[in-house]
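Trainee: please work out how this folds:
(2 chains)
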Number of protein chains: 2
Amino acid sequence: MAKTQIAAEPSVPQIVITREFDAPRALVYRVHTDPELLVRWLGPRRLTTHVERWDVRDGGTWRYINRDGDGAEYGFHGVFHGTPSPEGGIVQTFEFEGTPGHVSLQTLTFEERGGKTLVRVNAVFQSVEDRDAMLESGMEDGLNEGYERLDELLAR
Amino acid sequence: MAKTQIAAEPSVPQIVITREFDAPRALVYRVHTDPELLVRWLGPRRLTTHVERWDVRDGGTWRYINRDGDGAEYGFHGVFHGTPSPEGGIVQTFEFEGTPGHVSLQTLTFEERGGKTLVRVNAVFQSVEDRDAMLESGMEDGLNEGYERLDELLAR
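Mentor: This next block holds a predicted model:
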């Protein structure tokens, strides 16, 4: 099982996540940009994901909602900067609607290595406090579980 | 003459700029979002600014070109995250086309203080190297000169 690496230095408003997947780059990119595939792995298993919009182009907006078994909803949205591609990656803004006004910039890159793909997510935040709030939000558990689900999806 | 403050800590991919203007918030916001006013102050005096697009809405894209007397052109572009407003400020991505693929997230806020307005620009970068490159690009001179031009424009 591949391991997710999360790097976060004190006093720096940044998180860098790296994770290898046993699939070629084109496929790993597709599961990040096709809403029908995205909802099958994004986030922890206890939540369902509903994509409201996912307009993968320069200036396109995206929004998804996580719902738990009690009907509670958690919305997220942002915009794409530049034209996403497997080679050039994805640059997007990210905002959790539970804490409006706090925005981060995420850069995803996809590096193919002999049939496997290394995904790197570089997230920079408006402040160290915002970054720390993200780390303390249960992000790591959700991320690990989501990436396990993605392993399962890619294996099918 | 108001002084522009530029704060940049070592090893942190961030620049925070603060500057007071002798005008109410609505006007200071307007000169930042109306392309016809923007071209009259943005950047150093030796360059002319041509706004190609400035679509101030969630997911709207913006692009402008600086030209010098020899015809050299410097393009910049990005997208707006969320709906800009005087009260909520402006969140936008920013990319200099001379170094494509290097993107920053800029958050502008406008705080009115007794008829004057404090503008704060929080820029976070994908890396410390990108931040340092911005500092070494002559940003400070261009910024100071642009803000002097803005003082003159607001006084008219």
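Trainee: state the pLDDT value of the residue of chain A positioned farthest from its centre.
Mentor: In chain A, the residue that sits farthest from the middle, by C-alpha atoms, centre = their mean, is residue A:70; the gap is 24.0 Å. Model confidence at residue A:70, given as pLDDT, is 94.
Trainee: burial check on residue A:106, number of neighbours?
Mentor: 19 (other C-beta atoms under 10 Å in any protein chain shown). Glycine gets a C-beta too; all of them are placed from N, C-alpha and C.
Trainee: that one reaches residue A:84, doesn't it?
Mentor: No. Taking contacts as C-beta atoms under 8 Å, residue A:106 lies outside contact range of residue A:84: 11.5 Å.
Trainee: which neighbours do those two have in common?
Mentor: A:90, A:91 (C-beta atoms under 8 Å, 6 or more residues apart in numbering or on different chains).
Trainee: distance between the strand or helix carrying residue A:151 and the chain's centre?
Mentor: Taking DSSP states H and E as the criterion, residue A:151 maps to helix A:139-155. How far helix A:139-155 lies from its chain's middle: 11 Å, per C-alpha atoms, centre = their mean, to the nearest Å.
Trainee: now stretch A:6-18
Mentor: 15 Å.
Trainee: next, see if it gets close to chain B.
Mentor: Yes. Judged by C-beta under 8 Å from any C-beta of the partner chain, stretch A:6-18 comes into contact with chain B at A:11, A:12, A:13, A:14.
Trainee: can you pull out the strands in chain A?
Mentor: In chain A, the strands defined using DSSP state E lie at A:5-7, A:14-21, A:48-54, A:61-67, A:73-85, A:89-96, A:103-113, A:116-125.
Trainee: how about those strands in CSV, adding distance to residue B:150 and mean pLDDT?
Mentor: Converted to CSV, the strands of chain A look like this (distance: least, C-beta to C-beta, whole Å; pLDDT from 0 to 100):
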stretch, distance to residue B:150, mean pLDDT
strand A:5-7, 40, 96
strand A:14-21, 31, 98
strand A:48-54, 36, 96
strand A:61-67, 31, 97
strand A:73-85, 26, 97
strand A:89-96, 26, 98
strand A:103-113, 25, 97
strand A:116-125, 28, 98
